[in-house]
Structures are given as structure tokens and as C-alpha cells.
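In: Here's a sequence, model it:
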Amino acid sequence: MAGDFDGRVLRKGICKDRRVAKLKTAWAKLLYTWTIPFLDSLGRMEADPDLIQGMIFPRHTKQATLDNITDWLKDIHQVGLYFYYSVGGEWFLQCPTPEKNLWHRKGRERSSPFPPPPKDKYEKWLKEIRSHDSADLPDAPPQKKEKDPKKKALVDSWFEKSWKDYPLKIGKREAREHFLRSVNSEEKWNQFTKALRTYILSDRVKKGYIMDGKNFFKEWEDWLQSPEKGQGKEDVFDRYQRKKDEAKKRGKKD
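Out: You can find the predicted model right below:
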């Protein structure tokens, strides 16, 4: 083997590798991962089945027969993990992307003693596996639509006008966030102005029980109903007033 190194640092991304997942058997996956420590600095190694059996599977010769090893190597070749090639009657493996799933320090190993793969066949194989990879990729997620600057300016102007009319201006930043999330069309703007008008004219506000601006801008849709039907959910001020009124009716002090 090339170099005097004793192994590799395997990247954990190999667990999610699409090509590894395509291998037909667990033994083929085992062969692929167990050969990685034997690759030289250029991603090559000897791959005669009898050598593979002795180096990779010395204790598994019953399962790792020469015929099985040949089938596993062909499977690895077909999915695009290794290029399996012959030069001068000897068989070799070439990893097309040695930097993808393993790591090594450059300059620490000697150059490869193994011959490179035949250029034409190797480039044809690379082209084929890349086309397969692109076919297997999921559709690209839809791009996020950029906001129309004119519409954004319009919605900002709606907010500023509403904030100016609101009687208790507390929490402007939060109020703006709630407004921008909920008022995104002219229809919603008309509904908001209706709700704001209903709230300002309500008995609650006339009695001085006014929500902070950030709270109204969050819950404004509760005020779309008419004052005669009541306004939204009972809050702390409503509850206090109701209990006070009930206490007066019973002739008790609050």
C-alpha cells in the first residue's frame, strides 16, 4: 500500500450519502467503507478480488468469496462510489471524490504507486454518474418571493397612520410586527380600521381602560364585531369592572 499511514478520519456525512444508500447489499456497503482506510493520497488502491479478500475480509472468507467480492465491486462501481478498472491485467479502484467522505493531511503521503484509470473511460463514467446524481436530486425548493418595495411602503404608511390614532402608544416595535404579519392587503387594512374605530368608540376606552398598543395590534381582529354585540375576549379590565358592578348590586364594597 502507498504511504506509511494507518487509517483515515471518516466524515459522518457518509451516513447520508445517496450513493452509499443505493448499494444493493450490506456487504457492499461494508466493502466500500472498509476499503476507505486503504486508499492512497490520490484515492486509489489495488482491487484484485483475492487481494481484497486478504486485506479487507481476512476473517469473513465464507461470506466474502471471490465471486461475491467481484459483484460488490461492480455494484460500488455502478452507483459511482469507486471507478473499478484494469491496467495491465491488474485491477484497481479510483475514488472520484476522496475529499468528500474522508480527510487526510496533504503532503503527509507519497504519490500514488498505482496507475491512473484510462482517461476516456473514466471521464465517460464520471459524466454518467453525475447525470444520475442530478436526476436523483429533489426539486429545488421554491424561492422566497421578494417583497414589493411599493407595497411594503404602503403597509408601513398604514401602520404609522394607525399608530398615530391609537390612544395608548406603548410597544411600537411589537405592534409593528403584529401589524405587518396580519395586515397584508387592502381588505385587511379596511378591516383593521373598522376594528380600531370600534375599539376607540367602545365604553371600555371611554372609561379609561385602554390596552397597550402592542396588545391591541395583536388582537385587533377580536374587535371586528359591533359594540352592541360586545368586544372580543374579556381582559383584566373587563373582569375588574364586572366584579365591581356585581359587588355594587349585592350592596357590598369592592
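In: tell me the domain ranges of this protein?
Out: 9-136, 149-249 (automatic domain parsing).
In: I'd like these as CSV, with mean pLDDT and mean neighbour count appended.
Out: For the C-beta atoms, the positions are set from N, CA and C on the backbone; glycine is no exception. Formatted as CSV, those follow (pLDDT from 0 to 100; neighbours: other Cβ atoms under 10 Å):
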stretch, mean pLDDT, mean neighbour count
domain 9-136, 85, 16
domain 149-249, 83, 15
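In: how near is Gly13 to Phe83?
Out: As judged by Cβ to Cβ, to the nearest Å, Gly13 and Phe83 stand 21 Å apart.
In: Kindly report the same for Lys121.
Out: 8 Å.
In: Contact partners for Phe92?
Out: 44-47, 84-86, 114-115, 117 (Cβ atoms under 8 Å, 6 or more residues apart in numbering).
In: Go again with 7 Å.
Out: 44-47, 85, 114 (Cβ atoms under 7 Å, 6 or more residues apart in numbering).
In: Can you tell me how far it is from Gln63?
Out: 24 Å.
In: Quick one: residues contacting Tyr85.
Out: Each residue near Tyr85 by Cβ under 7 Å, 6+ apart is listed here: 92, 94, 117-118, 121.
In: hmm, I was thinking of Leu93
Out: 35, 44-45, 47, 82, 84.
In: do the same with Phe192
Out: By Cβ under 7 Å, 6+ apart, the contact set of Phe192 is 162, 183, 220.
In: Helix or strand for Lys62, just tell me which one.
Out: Secondary structure assignment for Lys62, by DSSP states H and E: no helix or strand.
In: How much space separates it from Gly171?
Out: Taking Cβ to Cβ, one finds Lys62 at 74 Å from Gly171.
In: what's the answer for Arg18, then?
Out: Plainly put, Arg18 is 49 Å away from Gly171 if you go by Cβ to Cβ.
In: and if you look at Val79?
Out: From Val79 to Gly171 the distance is 58 Å (Cβ to Cβ).
In: just Ser112 next, same as before
Out: 67 Å.
In: picking that back up, check the contacts of Tyr85 against Leu39 and report the nearest one.
Out: Nearest to Leu39, judged by Cβ to Cβ, of the contacts of Tyr85 is Gln94 at 9.2 Å.
In: if I pick the nearest residue to the closest one once chain neighbours are set aside, what's in contact with it?
Out: Nearest non-adjacent residue to Gln94, counting by Cβ to Cβ, 6 or more residues apart in numbering: Phe83, 4.3 Å away. Listed by Cβ under 7 Å, 6+ apart, the contact set of Phe83 reads 77, 94, 96, 117, 122, 125.
In: Quickly find the element holding Pro96.
Out: Pro96 belongs to no helix or strand, assigned by DSSP H and E.
In: Could you check how far it is from Tyr122?
Out: Pro96 is 8 Å from Tyr122, by Cβ to Cβ.
In: try Leu51
Out: For Leu51, the distance to Tyr122 - Cβ to Cβ - is 21 Å.
In: How about Leu224?
Out: Applying Cβ to Cβ, the value for Leu224 to Tyr122 is 69 Å.
In: same check, this time on Asp71
Out: 22 Å.
In: same check, this time on Cys95
Out: From Cys95 to Tyr122 the distance is 12 Å (Cβ to Cβ).
In: swap in Tyr84?
Out: Relative to Tyr122, and taking Cβ to Cβ, Tyr84 is found at 11 Å.
In: Where does Phe92 sit, in terms of helix or strand?
Out: Going by DSSP H and E, Phe92 is in strand 90-94.
In: Tell me what Tyr85 is bridged to.
Out: In this entry, Tyr85 is beta-bridged to Phe92, by DSSP bridges.
In: Distance from the chain centre to stretch 70-80, please.
Out: Relative to the centre of its chain, stretch 70-80 is centred 31 Å away, using Cα atoms, centre = their mean, to the nearest Å.
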